[in-house]
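Colleague: need the 3D shape of this:
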Amino acid sequence: MMEKDAKIYVAGHRGMVGSAIVRELEKQGYHNLVLRTHKELDLMRQDEVESFFAAEKPEYVFLAAAKVGGIFANENALADFMYDNMMLEMNVIHAAWQNGCRKLEFLGSSCIYPRMAPQPMKESCLLTGELEKTNEAYALAKISGLKYCEFLNRQYGTDYISVMPTNLYGPNDNYHPTNSHVLPALIRRFHEAKVAGAASVTCWGDGSPLREFLYVDDLAELCVFLMNHYSGNETVNAGTGKELTIRELTELVAKVIGYEGRIEWDSSKPNGTPRKLLDVSKAAQLGWTYKTELADGIRLSYEDFLRGSDRR
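Modeller: The predicted structure is shown next:
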């Protein structure tokens, strides 16, 4: 168990996941948090990361920093996604090990599971098949970080763990029209269509892929729970165990936002992985389950969007 006054470093604390972890830690009474902006600490620069860890000696690390984006961003910046994520995660994990960090938690992503993995996907299916091509670069980088944690455990006896979230959404999301993930992109698109009085909204693909979505504050609760209650080389899936089609998702977003026009589909655009549902029985056995239903979470996210959160 982390002591309430333990020095805890949250890497990526301004992002959606990192900021949610900070909120959860503060809610639970942890008050000795070490936070650095990208301007203050560039995680891609090994010398800066090593100097930071040598000076601060954090006891616990939540590694939530990452370069992320949707299908468009992943397909058009393959080299950037691989290099940036590989460098920052290796720098942080290695420096944590060098400086005697008691425990580190690495945030993966469900997109690193094989494209055609048996559904729902168990933690054990990692590296058993071919990756989804549209986010292969990001997936390879994330797999490397996860495996490096495992290898440090096996070689040096560290206590480094990883958690594998499904599609996330919530406060501090990125609502960029092309570089965001599907749910925040839909929130922005339907909001703008509503304001403009547009007769229709065109969405990518044919609407058939099945997806699962987890509210980011629920993930943060699990992250702190695992840091206190889980050790092991195998990752832990974080999701709801529920799925819906992208078509159903768009209809739900439109309903929450109050858009009443037509929804059309551009089937020339990629769908991505056909189905991606996590088996969340391991987290349940450990004692955790999600709390926020999708319609409620979308409403909270829309309120966050209207407040101007990260509307780039």
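Colleague: C-alpha from now on. contacts and neighbour counts both.
Modeller: Noted.
Colleague: you'd agree Ala65 is up against Met16?
Modeller: No - counting by C-alpha atoms under 8 Å, Ala65 does not reach Met16; the two are 9.6 Å apart.
Colleague: how about the helices of this protein, start to end?
Modeller: Remark: helices assigned in the chain by DSSP state H are 16-27, 46-56, 71-76, 78-98, 136-156, 182-196, 216-229, 246-257, 281-286, 294-306.
Colleague: in the fourth one, what counts as buried?
Modeller: Along helix 78-98, the positions that meet the burial threshold by neighbour count (16 or more other C-alpha atoms under 10 Å) are 81-82, 84-97.
Colleague: can you list contacts of stretch 145-157?
Modeller: Residues from elsewhere that reach stretch 145-157 (C-alpha atoms under 8 Å, 6 or more residues apart in numbering): 86, 89-90, 93, 106, 108, 158-162, 233-234.
Colleague: for stretch 7-18, that is, sorry about that
Modeller: 19, 21-22, 32-37, 57-66, 169-173, 216, 219-220.
Colleague: hmm, try it at 6 Å
Modeller: With contact meaning C-alpha atoms under 6 Å, 6 or more residues apart in numbering, stretch 7-18 is reached by 19, 32-34, 58-65, 172-173.
Colleague: related to what we said a few turns ago, and the helices of the chain: which comes nearest Pro118?
Modeller: Pro118 lies closest to helix 281-286 among these, at 15.0 Å (C-alpha to C-alpha).
Colleague: for that closest one, give the mean pLDDT please.
Modeller: The pLDDT scores in helix 281-286 average 98.
Colleague: mind listing what's buried along it?
Modeller: Ser281, Ala283.
Colleague: run through who's touching that helix.
Modeller: Residues contacting helix 281-286 (C-alpha under 6 Å, 6+ apart): none.
Colleague: ok, now stretch 200-212?
Modeller: By C-alpha under 6 Å, 6+ apart, the surrounding residues in contact with stretch 200-212 are 242-247, 261-267, 269-271, 274-277.
Colleague: sitting in strands, which of those residues do you find?
Modeller: Members of the contacts of stretch 200-212 lying in strands (criterion: DSSP state E): Leu244, Thr245, Arg262, Ile263, Glu264, Trp265, Asp266.
Colleague: can you give me the distance of the third one to Cys203?
Modeller: By that I understand Arg262. Separation of Arg262 from Cys203 (C-alpha to C-alpha, to the nearest Å) stands at 11 Å.
Colleague: try the fourth one
Modeller: Using C-alpha to C-alpha, we find Ile263 at a distance of 7 Å from Cys203.
Colleague: more neighbours: those two, which one.
Modeller: Between Ile263 and Cys203, counting by other C-alpha atoms under 10 Å, Cys203 is the more crowded of the two (20 against 16).
Colleague: now do that one against Leu306, distance only.
Modeller: From Cys203 over to Leu306 (counting by C-alpha to C-alpha), the distance is 21 Å.
Colleague: rewinding a little: could I get the contacts of stretch 7-18 as JSON lines with pLDDT?
Modeller: Formatted as JSON lines, these follow (pLDDT from 0 to 100):
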{"residue": "Ser19", "pLDDT": "97"}
{"residue": "Asn32", "pLDDT": "98"}
{"residue": "Leu33", "pLDDT": "98"}
{"residue": "Val34", "pLDDT": "98"}
{"residue": "Pro58", "pLDDT": "98"}
{"residue": "Glu59", "pLDDT": "98"}
{"residue": "Tyr60", "pLDDT": "98"}
{"residue": "Val61", "pLDDT": "98"}
{"residue": "Phe62", "pLDDT": "98"}
{"residue": "Leu63", "pLDDT": "98"}
{"residue": "Ala64", "pLDDT": "97"}
{"residue": "Ala65", "pLDDT": "96"}
{"residue": "Asn172", "pLDDT": "92"}
{"residue": "Asp173", "pLDDT": "91"}
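Colleague: which pair in those spans the largest distance?
Modeller: Across those, the longest distance by C-alpha to C-alpha is 28.1 Å; it joins Glu59 and Asp173.
Colleague: who's more crowded, those two?
Modeller: In this view Glu59 and Asp173 are compared by other C-alpha under 10 Å, and Asp173 has more residues nearby, 23 against 19.
Colleague: got a list of what the more buried one touches?
Modeller: Residues in contact with Asp173 (C-alpha under 6 Å, 6+ apart) are Met16.
Colleague: next one: it from Tyr302, what distance?
Modeller: 10 Å.
Colleague: residues contacting Ser144?
Modeller: By C-alpha under 6 Å, 6+ apart, Ser144 has no neighbours at all.
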